[in-house]
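1. Need the 3D shape of this:
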Amino acid sequence: MMSKLQAAYLAGLIDGEGYIGILRTQKNDKAHWTYLHEHAYCPVLKIAMTDRSIIEWLYSSFGGTFEIRRARENARESYGWTCRKALVGKFLRYLYPYLRVKRKQAEIIFRYPQISPGTKISEDVYGKRGELYLAIRALNKVGTVRD
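-> Numbers count the residues shown, from 1 in each chain. Next up, the predicted model:
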């Protein structure tokens with residue numbers, strides 16, 4: 001998937017400009033098979049910065065989504081790259097040896113229970129996802145002191 005040099009570079013980008021988390025969204029579509037649960041959870045990896053070329057390289061090399069954030073008041077236009085779901089864990093396995101700041105978040109993503117598409121989410125899996133969401137949210141909380 002990527003060289004060791006690319007993995008080390010990307011780990012540095014994620015440590016400095018990135019976000020590793022679990023999104024929690026409200027489920028409103030009662031026709032969807034996950035309607036039994038109040039929320040849906042999804043692992044996510046994001047990098048945002050003002051250098052468009054890096055974000056375009058990530059998007060063209062690894063897929064995911066590309067986003068442009070318009071300039072506001074004193075902030076310049078910025079660009080974002082996002083990957084979601086099972087791809088996050090696979091991607092982080094390559095970067096893990098080089099992560100420093102976001103290492104604990106990656107470890108939480110590795111414990112995130114994946115299921116096959118179309119499979120109903122059991123109460124155990126749903127509960128575990130909720131626990132991991134809270135754990136990673138605590139690590140990502142702005143202004144907290146870390147060990």
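2. What residue in the chain is the furthest from its centre?
-> Here the chain reaches farthest from its C-alpha mean at residue 73, the gap being 27.8 Å by Cα atoms, centre = their mean.
3. Pop out the phi and psi values for it.
-> When read as degrees, to the nearest 10, the backbone of residue 73 gives phi 40, psi -100.
4. what's the spacing between it and residue 26?
-> According to Cβ to Cβ, to the nearest Å, residue 73 stands 30 Å off from residue 26. Quick note: C-beta positions are derived from backbone N, CA and C, even for glycine.
5. Likewise for residue 53?
-> Counting by Cβ to Cβ, the gap from residue 53 to residue 26 is 36 Å.
6. can you check residue 122 too?
-> According to Cβ to Cβ, residue 122 and residue 26 sit 20 Å apart.
7. what do you get for residue 3?
-> From residue 3 across to residue 26, the span is 40 Å (Cβ to Cβ).
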